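A.B. asks: The following comprises the amino acid sequence and a computationally predicted model.
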Amino acid sequence: MLDWRVNWPTIKRSIDGALGPHGAWLLQPYDDLPSSVGLNTSSIESIRETARLARQHDYQLCVHAIGDRANRETLDLFEATLPSDSTQPSLRWRIEHAQHLHPNDIPRFAHLGVIASMQGIHCTSDAVYVIERLGPRRARLGAYAWRSLLDSGAVVVNGTDAPVEDVNPIESFYASVTRRLPAGVTFFPEQCMTRQEALRSFTLDAAYAAFEENIKGSLAPDKLADIVVLSHDIMTCAPEEIREARVVYTIVGGKVVYASQE
């Protein structure tokens with residue numbers, strides 16, 4: 001069995017910045033800053049060379065891409081580098097964040113076997129300025145498009161992006177299934193995940209993205225007994241009660257390493 005302390009060799013690069021400060025690299029200018037399409041932070045040539053080396057040595061490659069131009073360039077680069085023979089095992093290359101996509105590029109994730117490594121909490125954290133930055137049409141069709149990606153057959157994995165966001169995943173789970181902002185407004189709810197999809201994105205699919213699905217991600221014989229017991233059943237409780245869930249026990253390798261004193 002693979003030692004749980006050993007991680008798959010992975011390289012991470014970044015191709016653009018963040019949407020908030022107008023750093024995400026877009027195909028068309030920002031609605032609120034028509035003079036800018038954002039930032040390309042690393043040249044295509046340098047990331048192409050990284051991809052070549054990763055492919056040569058069977059490394060996983062993860063590229064931070066937030067804007068639709070950044071995602072398209074990354075998908076183009078992956079398509080040119082990854083094996084075209086579908087019988088070969090997937091290298092599970094990932095796009096980190098994939099926050100804003102052109103609709104034409106959404107099906108390419110599944111087609112190429114590229115993992116959309118996203119964080120639900122970013123949707124509700126950023127939504128206060130997304131429409132201002134992108135305009136309503138681009139925001140509706142491609143911003144945090146979990147439902148569209150899942151329906152197209154893509155693997156979507158979740159997380160918290162700590163320390164950018166709080167490390168507690170409950171808020172990110174809540175955002176994934178409600179897309180509800182603190183003010184009560186819901187940001188394009190048609191893109192919500194189901195609770196089962198959200199749970200899988202944090203567990204089994206996240207393990208898959210790390211080449212650890214044989215030892216993590218689900219409760220099964222011969223897997224690591226890494227378990228969190230919550231105070232609420234987040235799969236059935238009322239949506240507003242999800243955020244009230246607290247960790248009662250944390251079990252790692254079958255041993256209790258944390259027990260709430262409340």
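C.D. replies: Sure thing, it's come through. All of these numbers come straight from a predicted model, not from anything done at the bench.

A.B. asks: only C-alpha atoms for contact and neighbour calcs from this point on.
C.D. replies: Fine.

A.B. asks: got the contact list for the most centrally placed residue in the chain?
C.D. replies: For the chain, the residue sitting closest to the mean C-alpha position, by Cα atoms, centre = their mean, is residue 118 at 1.3 Å. By Cα atoms under 8 Å, 6 or more residues apart in numbering, residue 118 lies in contact with 96-99, 156-159.

A.B. asks: ok, and what's touching stretch 65-79?
C.D. replies: By Cα under 8 Å, 6+ apart, stretch 65-79 touches 14-19, 24-27, 40, 44, 48, 51, 63, 95-102, 105, 108-109, 112.

A.B. asks: okay, who's weakest in the contacts of residue 118 by pLDDT?
C.D. replies: Across those, the smallest pLDDT goes to residue 159, namely 94.

A.B. asks: What separation is there between that residue and residue 214?
C.D. replies: According to Cα to Cα, to the nearest Å, residue 159 stands 20 Å off from residue 214.

A.B. asks: Looking at those two, which is more packed in?
C.D. replies: Per other Cα atoms under 10 Å, whichever of residue 159 and residue 214 has more neighbours is residue 159, with 23 against 16.

A.B. asks: Confirm that that one sits in a strand.
C.D. replies: No - assessed by DSSP: H, G, I helix; E, B strand; the rest coil, residue 159 does not belong to a strand; its assignment is coil.

A.B. asks: ok, it - contacts?
C.D. replies: So residue 159 contacts 118-120, 169, 172, 202 (Cα under 8 Å, 6+ apart).

A.B. asks: Show me which pair in those residues is furthest apart.
C.D. replies: 118 and 169 (12.7 Å; Cα to Cα).

A.B. asks: tell me which element residue 147 falls in.
C.D. replies: helix 146-151 (DSSP states H and E).

A.B. asks: Show the average pLDDT along that helix.
C.D. replies: Averaged across helix 146-151, the pLDDT comes to 98.

A.B. asks: Can you tell me what sits against it?
C.D. replies: By Cα under 8 Å, 6+ apart, helix 146-151 touches 106-107, 109-110, 155-156, 190-193.

A.B. asks: What are the buried residues along that helix?
C.D. replies: 146-150 (16 or more other Cα atoms under 10 Å).

A.B. asks: Quick one: residues contacting residue 109.
C.D. replies: With contact set as Cα under 8 Å, 6+ apart, residue 109 has these partners: 75, 115-116, 149, 154.

A.B. asks: what about the strands in the stretch 51-200 of the chain?
C.D. replies: Ranges of strands within the stretch 51-200 of the chain are 60-65, 94-97, 115-117, 156-157, based on DSSP state E, counting those that start in this stretch.

A.B. asks: how about those, which one is nearest residue 130?
C.D. replies: Once those are compared by Cα to Cα, strand 94-97 is nearest, at 14.6 Å.

A.B. asks: May I have the strands that pair with the closest one, each with its orientation?
C.D. replies: Under the criterion DSSP bridges, strand 94-97 sits next to strand 60-65 (parallel), strand 115-117 (parallel) in its sheet.

A.B. asks: How about the last one, which residues are buried there?
C.D. replies: Under the neighbour-count criterion of 16+ other Cα under 10 Å, strand 115-117 has 115-117 buried.

A.B. asks: Could you single out the nearest of those to residue 256?
C.D. replies: For those, the nearest to residue 256 is residue 117 (29.4 Å; Cα to Cα).

A.B. asks: Quick check, pLDDT for the closest one.
C.D. replies: 98.

A.B. asks: If anything else comes up later, I'll come back, but that's it for now.
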